[in-house]
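Novice: Got a predicted structure here, sequence first:
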Amino acid sequence: MPFTVNIQHLEQEGQAYQGSIPIDDLDLNSIDDLICPLSSLDYRLTVEKHETNLLVQGEISQTFSCECSRCLKNFELPVVISGWSGFVALEGEESLPVNNDMVDLTEVLREDILLVLPQHPVCGQACKGFGSKVVETVEPHDAEELKDPSPWIALDHLNLEKDKD
Ligand SMILES: [Zn+2]
């Protein structure tokens, strides 16, 4: 179900709302090739009416499935915005439509979740991406071993001992 509030119920004091907006009620299909929603959008909010505005505060969260833009591995990205707040105008150009005292706040939550999604999802800070291991092994480690003179010293030693006999 979309997240709707009845503004008549808000006239006296704020109301608490808790629920989930299913993926099908959120227009998230076109967000990104690398990101798709895994869970519903969960909310725990209080809504207050201040003259012709609604003040919405609380926590919104949703989990996404991402493909790492560096190594192409799939990983889960839980998005939790606690201490979230938004202003919704009920009058004027930017206002949301009010139908029979009901206002649909789904779009407001959806937009703010989209804002915090990464442009280039990365599976973790330690991700070095594709093919980085190959690059690392070519470094000075091997070159030093070749320069190590110890096998030749050992051989010289052996020859000297044979000569003594
Ligand atoms: Zn990665």
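Specialist: Yep, that arrived.
Novice: which residue ranges form the helices in the protein?
Specialist: Counting by DSSP state H, the chain has these helices, from start to end: 106-116, 132-137, 141-147, 150-164.
Novice: Domains in this protein, by residue range?
Specialist: For the chain, whose domains are defined here by automatic domain parsing, the residue ranges read 4-116, 132-164.
Novice: The first one close to the ion?
Specialist: What it means is domain 4-116. Yes. When contact is scored as Cβ under 5 Å from the ion, part of domain 4-116 falls within range of the ion: 68, 70-71, 73. C-beta: built from backbone N, CA, C; applies to glycine.
Novice: top of those by neighbour count?
Specialist: Counting neighbours by other Cβ atoms under 10 Å, residue 68 comes out on top of the residues of domain 4-116 next to the ion with 18 neighbours.
Novice: Ramachandran angles for that one?
Specialist: As for residue 68, its main-chain torsions (degrees, to the nearest 10) stand at phi -60, psi 130.
Novice: again with the one 3 residues further on
Specialist: Here is the backbone geometry of residue 71 (degrees, to the nearest 10): phi -120, psi 0.
Novice: Correct me if wrong: it contacts residue 121.
Specialist: No. Residue 71 is not in contact with residue 121 according to Cβ atoms under 8 Å; the separation is 10.8 Å.
Novice: quick one on the thing from earlier: and the domains of the chain, which is most packed in?
Specialist: Most buried of the domains of the chain, by mean neighbour count (mean count of other Cβ atoms under 10 Å): domain 4-116, with a mean of 15.
Novice: what about it, distance to the chain center?
Specialist: Using Cα atoms, centre = their mean, to the nearest Å, we find the averaged C-alpha position of domain 4-116 to lie 16 Å away from the chain's own average C-alpha position.
Novice: what's the answer for stretch 113-122, then?
Specialist: On the basis of Cα atoms, centre = their mean, stretch 113-122 is displaced by 5 Å from the centre of the chain it belongs to.
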